[in-house]
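*Asks:* would you be able to build a 3D model of this:
(6 chains)
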4 protein chains.
Amino acid sequence: MTSKFSSINPEKQERILNAALKEFALKGYENASTNEIVKSAGISKGLLFHYFKNKKELYLFLYNHFADVMVKEFFNELDLSERDIFERMKTLMILKNKLMAKHPEVFDFMVAASMETAEEVKGILNNTNTELIQASYSRLFENIDMTMFRDGIDIQRTINIIMWTLQGFSNQELEKAKKLNTGHHDFDEAFKEAEVYIDMMKKAFYKSL
Amino acid sequence: MTSKFSSINPEKQERILNAALKEFALKGYENASTNEIVKSAGISKGLLFHYFKNKKELYLFLYNHFADVMVKEFFNELDLSERDIFERMKTLMILKNKLMAKHPEVFDFMVAASMETAEEVKGILNNTNTELIQASYSRLFENIDMTMFRDGIDIQRTINIIMWTLQGFSNQELEKAKKLNTGHHDFDEAFKEAEVYIDMMKKAFYKSL
Amino acid sequence: MTSKFSSINPEKQERILNAALKEFALKGYENASTNEIVKSAGISKGLLFHYFKNKKELYLFLYNHFADVMVKEFFNELDLSERDIFERMKTLMILKNKLMAKHPEVFDFMVAASMETAEEVKGILNNTNTELIQASYSRLFENIDMTMFRDGIDIQRTINIIMWTLQGFSNQELEKAKKLNTGHHDFDEAFKEAEVYIDMMKKAFYKSL
Amino acid sequence: MTSKFSSINPEKQERILNAALKEFALKGYENASTNEIVKSAGISKGLLFHYFKNKKELYLFLYNHFADVMVKEFFNELDLSERDIFERMKTLMILKNKLMAKHPEVFDFMVAASMETAEEVKGILNNTNTELIQASYSRLFENIDMTMFRDGIDIQRTINIIMWTLQGFSNQELEKAKKLNTGHHDFDEAFKEAEVYIDMMKKAFYKSL
DNA sequence: GATGAATGAGTCTTCATTCAT
DNA sequence: CATGAATGAAGACTCATTCAT
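*Replies:* Numbers count the residues shown, from 1 in each chain, chains lettered A, B, ... in the order given. Alright, predicted model coming up:
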C-alpha cells in the first residue's frame, strides 16, 4: 500500500508528509483534517487516499517514518565511544537540542503522538513506540565505564538517578523556553547550569580523586 | 455566566459535572460530545448551553473546579510540619496514590487536560495551569530542614535532584502499572524500592552521621 | 428512536416520507442519496439524522410504515365473505389495481424493496417481508368454498394453478402497460380477458352443472 | 469501441469478463467497483477504459455477451422435435436447472440485471432484454402438437395457463431452495411434484383417452 | 428556567474517468 | 498497447450551537 507513495516524486512526497505532520502535530489525530492536509499539500482529495487507504494508515506511516528518521539521525551523530556517562549524557542533550532546533515540527508531532489518546491509534502506536524506544534507550547506556563510580554503590540505580535528573532539568528548560516562546532561549546558560548538576552528581557518585 | 450554574440544585450540578468529566477524560476536548454529556447528565441540550455559553467554557470551568478540589484535598491531608524533605516526599507520594485511587476519573481528566492539544483550549489552560501549580509546588518545599544537608552543598539544586529522581521513579512505576493494566500493582514493593532510592540520596546529600 | 419522528408536525412527516419513498423507489437502497431526500423534503441534513440514526433505519422505517399502510388498506376493502375462489380473486385483482393507481410510488417502492440486493438491508427486510406476506397470503385463501370443485380433484394444487395463472396474467398486463407507459391502459379489456381465463378454469376444475 | 476488446488475447478477455461478471452479480450496477474489477482481472485501470468507454458500456456488453452465450447453449441442447407441450416444458425445466448449476454466476448476473433499478441502465437493458426474450420465447412454443388438446378449447390461452403454472411452480421451488440455502435441494422430489401438476393439467386440457 | 427540533458546515472516504508517460 | 497517478464531486454522517415554545 505504501509502495505507491514511496515511488512518486520525492518533492511531492515531502510536501504531503510535511503538510500531514504539521496538521497532526497541531491538532492531534482525531481533530486533524485530511481536508486541510490536502489543501496545504496542494494535492487533490482523492490522491491522498490513493496513497494511504485511510487517515489512520497515513498517521501510522508518518509516525514510523519520522521515528525512523529521527532515530537514525540521532545515532548517526551520537558518539558511543565516549565511555564516561556524564560526557555521554551531555553530548546526548546537546544532540537532542540540535535536532529539536532543526526539526521542531517533527518533535512536536512525536511528542503529541506519544500522548495520543484516540482509541483507533493508541494501541498500535504504543507497540511500535516501545520497540523503537527500548531498542534506542538500551543503546544509550551500553558500554559505560563503571569503574568511575564509588565502590559499593548501586550502579544501575545511580544511572537512573542521573538520567532522571538530567531529564528533569531538560524538561524544566523546555518549559521555560516554551513560556518565553522566544524562538531561542539562552542555550549556553542552560548548558552551564547542566554542568553544575553534573558536577554535583560526580561529587556524589564518582570516586573522589 | 457561571453564576447561573453555581446557583442551581447542587445534586444537578454534580450530575452535570460528573457527566462532563467522564466524557472529556475519555475522549479529549475536541472529541467529547456535548450530546453524550447531556444524555448522561439527564438534562436537555439547551440547558447545558444556558449554563455554559459554549463547550470551551464548560471545559475550562471543569478544569478549574477539579483542580481546585484536588489541590484543596491534597493540602488538607499533607503534613507540612514534617521538616525532613525525604519524609515529606514519601508522604506526598503516598497521598498522591491515595487520591488517584479515590478519584481516578478526576486524575484521568487532569492528565488529559495537561496534554490537551486542541488549539482552542491549549493556551488558556496553560496559564491557569501554571498559576495553580506554581502556587502549589512552592508550598511543597516550604520550611524544609536544611541543616541535614552536607555542608557547602547547593541545597536548592539538591532539592531539584531529589524531586526529579522521585518523579522519575514515580512515572516509571505508573508506566509499569499501565502496561500490566492490572487494576492494582504491588504498591508495597514500589515503596520499598522508593526507600532504596531515598537511602541512596541520603547517603549522597545528607551529612554522614 | 422513531418516537422523535412520530411526534412532529404530520405535514412535515409526510414531506419527509414521500421524499424518501420517491428517492428509494427510483434509485434503490444503495444508490439513493440522503442529500436528495433532504433537499426534496426541504429539511436540513442534520434533521434527517436527528430522526433516523442512519440511512438503513430510515429505509426500514419506510418499509414497515408503507407495508402496514398498504396491507391495512388492502384488507379493509377486501371482501372475505365471498366464498367463491374466482370471485374472490377477481375482486382481489381489481383491488390491487385500484391501490396501484392510487399509490403508484408506494408500489414501486415495495416492489423495489422486495428485490433489494443491498447486503445491509436484504436480511432484515426478508424477515419482515415474509411475516407480513405469509400472514396476508394465508388470509386470502381462508374459508373458500371447496364444494364447487370437481369430486376427487386435488384442491390445494388446483388453487395453486388458479393463483399462478392469474398472477401470470396480471404480470403480463403490467408488462404491457409498462411498455406502452401510457399512464392508463385499457383495464376493461384486461378484465374481460381475465374473465375468459376464469371461465376456462371453471370449466376445467369446477363441477359441470 | 468493442472491436478493440474482441481482438485481444481470448484468455485476457475471459479474465476481464469473469471479473466484471462476478462484481456486477454481487453488488449490482451502481455499487460495483471498476477498481475491484481491474484488480481481480489483473489489468490496469486505464486498460479497462481503453476497451469500454465507460462502466455502462461494459455492463451492457456483459449483458449481451452472456445473454447470447446462455441462449445459444440453451437452444443447442433443447430438443424442439418433441411436439408434446408437457414433454417439452419438462425438458425445458430440467435444462434450466442444468444451466443454473453449470453457470450459477451468470444466472445471478442475469437475474440481477433484469431487476436492475439504476436509471442509467434500466431503459437500455429492457429493450435488449425483450428482443432476446421474445425471439427466444416464441421458439419454445413453435411446432407444438395441437391435436392433443380437447376439441373447442382455446389453445393459445391454455398454453399460457400451462406456462404460468409451471413458472409459478418453478419459482416456488427456487424460493424454497433459497430459504434453505442448502446448495442443492431435492430435485427429484421437485420433479415428481411437477409431474403431478402436469398430470392435473393433462386431465384438464387434453382429450380424455 | 427548560426543552429538543433545527441548522449546515464539516468529517472521512469512494469512485468513475482522464491523461501524461 | 498499457500504466497508474490524479481528479473532485458526491457519499453518509456528526456536532456545537441557536431559538421558538
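*Asks:* ok, longest helix in chain A?
*Replies:* As assigned by DSSP state H, the longest helix anywhere in chain A is helix A:155-180.
*Asks:* anything in that one near chain B?
*Replies:* Yes: residues of helix A:155-180 contacting chain B under CB under 8 Å from any CB of the partner chain: A:157, A:158, A:160, A:161, A:163, A:164, A:165, A:167, A:168, A:169, A:172, A:179. C-beta here means a position set from N, CA and C on the backbone, and glycine is covered the same way.
*Asks:* ok, stretch A:196-209 next?
*Replies:* Yes: Stretch A:196-209 comes into contact with chain B (CB under 8 Å from any CB), by way of A:196, A:197, A:200, A:201, A:204, A:205.
*Asks:* hmm, the first one is touching residue B:160, no?
*Replies:* No: using CB atoms under 8 Å, residue A:196 makes no contact with residue B:160, being 10.6 Å away.
*Asks:* one step back: for the longest helix of chain A, packing partners?
*Replies:* Using 3 or more CB pairs under 8 Å, 6 or more residues apart in numbering or on different chains; DSSP states H and E, the elements in contact with helix A:155-180 are helix A:85-102, helix A:187-205, helix B:155-180, helix B:187-205.
*Asks:* which helices and strands sit right next to the helix or strand following the shortest one?
*Replies:* Which is helix A:85-102. Going down the chain from helix A:85-102, the next helix or strand is helix A:104-114, by DSSP states H and E. In this structure, helix A:104-114 makes packing contacts with helix A:10-31, helix A:55-77, helix A:119-140, judged by 3+ CB pairs under 8 Å, 6+ apart.
*Asks:* most packed of those?
*Replies:* helix A:10-31 (a mean of 18; mean count of other CB atoms under 10 Å in any protein chain shown).
*Asks:* is any residue of it near DNA strand F?
*Replies:* Yes: Helix A:10-31 lies within reach of DNA strand F by CB under 7 Å from any atom of the strand, at residue A:12.
*Asks:* hmm, that helix in reach of DNA strand E?
*Replies:* No: shown here: helix A:10-31 not in contact with DNA strand E (CB under 7 Å from any atom of the strand), separated by at least 7.8 Å.
*Asks:* mind putting the helices and strands packed on helix A:155-180 into JSON lines with mean neighbour count?
*Replies:* Shown next, in JSON lines, are the helices and strands packed on helix A:155-180 (neighbours: other CB atoms under 10 Å in any protein chain shown):
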{"stretch": "helix A:85-102", "mean neighbour count": "17"}
{"stretch": "helix A:187-205", "mean neighbour count": "16"}
{"stretch": "helix B:155-180", "mean neighbour count": "17"}
{"stretch": "helix B:187-205", "mean neighbour count": "16"}
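*Asks:* relative to residue C:67, which of those helices is closest?
*Replies:* When the helices and strands packed on helix A:155-180 are compared by CB to CB, helix B:155-180 sits nearest residue C:67, at 53.1 Å.
*Asks:* so what's the model's average confidence on that closest one?
*Replies:* Averaged across helix B:155-180, pLDDT comes to 92.
*Asks:* and that helix with helix A:119-140, angle?
*Replies:* Angle of helix B:155-180 versus helix A:119-140, following axes from the mean of the first three to the mean of the last three CA atoms, to 10 degrees, is 130 degrees.
*Asks:* so the residue nearest the centre of chain A versus residue A:98, what's the distance?
*Replies:* Per CA atoms, centre = their mean, the C-alpha nearest to the average position across chain A is that of residue A:107, at 5.6 Å. To residue A:98, residue A:107 is 11 Å away according to CB to CB, to the nearest Å.
*Asks:* if I look at residue A:117, how far off is chain B?
*Replies:* 5 Å (CB to the nearest CB, to the nearest Å).
*Asks:* repeat that for residue A:43.
*Replies:* Going from residue A:43 to chain B by CB to the nearest CB gives 24 Å.
*Asks:* tell me which other helices or strands the helix or strand of chain A with the lowest mean pLDDT touches.
*Replies:* In chain A, the helix or strand scored least confidently by mean pLDDT, DSSP states H and E is helix A:119-140, which has a mean of 75. Under the contact definition 3+ CB pairs under 8 Å, 6+ apart, helix A:119-140 sits against helix A:55-77, helix A:104-114.
*Asks:* out of the helices and strands packed on helix A:155-180, flag the one nearest DNA strand F.
*Replies:* Nearest of the helices and strands packed on helix A:155-180 to DNA strand F, taken as CB to the nearest atom of the strand: helix B:155-180 at 26.1 Å.
*Asks:* so how far is that closest one from its chain's centroid?
*Replies:* Helix B:155-180 sits 15 Å away from the centroid of its parent chain (CA atoms, centre = their mean, to the nearest Å).
*Asks:* can you pull the contacts of residue A:73?
*Replies:* Residue A:73 makes contacts with residue A:99, as judged by CB atoms under 8 Å, 6 or more residues apart in numbering or on different chains.
*Asks:* ok so, going back, pLDDT and distance to DNA strand F for the residues of stretch A:196-209 next to chain B - can I get that in JSON lines?
*Replies:* Below are the residues of stretch A:196-209 next to chain B laid out as JSON lines (pLDDT from 0 to 100; distance: CB to the nearest atom of the strand, whole Å):
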{"residue": "A:196", "pLDDT": "97", "distance to DNA strand F": "48"}
{"residue": "A:197", "pLDDT": "98", "distance to DNA strand F": "45"}
{"residue": "A:200", "pLDDT": "97", "distance to DNA strand F": "49"}
{"residue": "A:201", "pLDDT": "97", "distance to DNA strand F": "48"}
{"residue": "A:204", "pLDDT": "95", "distance to DNA strand F": "52"}
{"residue": "A:205", "pLDDT": "96", "distance to DNA strand F": "52"}
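*Asks:* closest to DNA strand E out of those residues?
*Replies:* Within the residues of stretch A:196-209 next to chain B, the smallest distance to DNA strand E is 43.6 Å, found for residue A:197 (CB to the nearest atom of the strand).
*Asks:* ok, the closest one touching residue A:169?
*Replies:* Yes: using CB under 8 Å, residue A:197 is in contact with residue A:169, at 5.8 Å.
*Asks:* what residues are shared contacts of those two?
*Replies:* residue B:160.
*Asks:* can you lay out the helices and strands packed on helix A:155-180 as CSV showing distance to residue B:10?
*Replies:* CSV is the format used below for the helices and strands packed on helix A:155-180 (distance: least, CB to CB, whole Å):
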stretch, distance to residue B:10
helix A:85-102, 48
helix A:187-205, 49
helix B:155-180, 33
helix B:187-205, 34
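*Asks:* looking at these, which is closest to residue B:19?
*Replies:* Closest to residue B:19 of the helices and strands packed on helix A:155-180, according to CB to CB: helix B:155-180, at 25.3 Å.
*Asks:* okay, the angle between that closest one and helix B:187-205?
*Replies:* Put simply, helix B:155-180 runs at 160 degrees to helix B:187-205, going by the same axes, to 10 degrees.
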